[in-house]
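>>> Show me the folded form of this:
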Amino acid sequence: MPTLDDIHRYLYGSWRMMRGKPDGLVHLDISAEGFWQSFYAMLVAVPPLFASWVVYAADLARGDDEAGLRFSIVLRTAIVDMTSWVLPIIVIGLLARRIGISRRFAPYVIASNWGTALIAWLFVPATLIRLFFPISDEIMALVSIMLFGLSIVFSYRLTQVALQRPHTFVLPFYAVLFVGSIFITITLQHLLGVDYPGPTNSTLLRH
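Predicted coordinates for the structure are as follows:
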């Protein structure tokens, strides 16, 4: 497991990449060991994600105070998020050689994992607002959409720096990955019975 200093360095490197700074890669461990260690980023992301799962469970179980139901929703939502995190990486790994990114696959996964953990913390303000300062759904949706849009910009920049490819390659790659991830998430939510009713059926409102 990486040390706290290592985690800080990896998150800082990811932040630099999100700002479009190529030198952010220097702060990451691009070795084989670093590749597998990057999945510890999932643990780093658990605190903010857990808070969002609790809020989501409270929304779905509104009017039902049964603790078992809320715990079940939290557990199923966690499965959705973690599967949506790992499954796209597996698919990209299987297709990496065909789409010409086999040499950049490891740097991309490493940067993406730490970047995803960092983005998870980006949504903490929205989660805290929903927990402690109940406001209208319309305002909360606006805040979530703004943060979601910001996260898209950051993750796109990180992807371009990690792949070291022009926008003509990165844009369609990112678009397919984005749509695929949303599809996986919504499908899993439906299969596990934790899809949000109505027009707010979207991960951006859960985070």
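>>> low-scoring stretches of the protein, by residue?
63-65, 134, 196-207 (pLDDT under 70).
>>> immediately after the longest helix along the chain, which helix or strand?
Counting by DSSP state H, the longest helix found in the chain is helix 67-95. Using DSSP states H and E, the helix or strand that follows helix 67-95 towards the C-terminus is helix 105-122.
>>> Tell me the buried residues in that next one?
105-120, 122 (16 or more other C-beta atoms under 10 Å). Glycine gets a C-beta too; all of them are placed from N, C-alpha and C.
>>> Check which helices and strands it sits against.
Under the contact definition 3 or more C-beta pairs under 8 Å, 6 or more residues apart in numbering; DSSP states H and E, helix 105-122 sits against helix 4-18, helix 32-37, helix 41-60, helix 67-95, helix 137-163.
>>> got the ones you listed as CSV, with mean neighbour count and distance to residue 26 columns?
As requested, the helices and strands packed on helix 105-122 are arranged in CSV below (neighbours: other C-beta atoms under 10 Å; distance: least, C-beta to C-beta, whole Å):
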stretch, mean neighbour count, distance to residue 26
helix 4-18, 19, 7
helix 32-37, 14, 12
helix 41-60, 19, 18
helix 67-95, 16, 23
helix 137-163, 17, 11
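>>> Residue 182 is nearest to which of those helices?
Of all the helices and strands packed on helix 105-122, helix 67-95 sits nearest to residue 182, with 8.7 Å by C-beta to C-beta.
>>> could you give the angle of the closest one to helix 41-60?
140 degrees (axes from the mean of the first three to the mean of the last three C-alpha atoms, to 10 degrees).
>>> Distance from the chain centre to helix 67-95, please.
11 Å (C-alpha atoms, centre = their mean, to the nearest Å).
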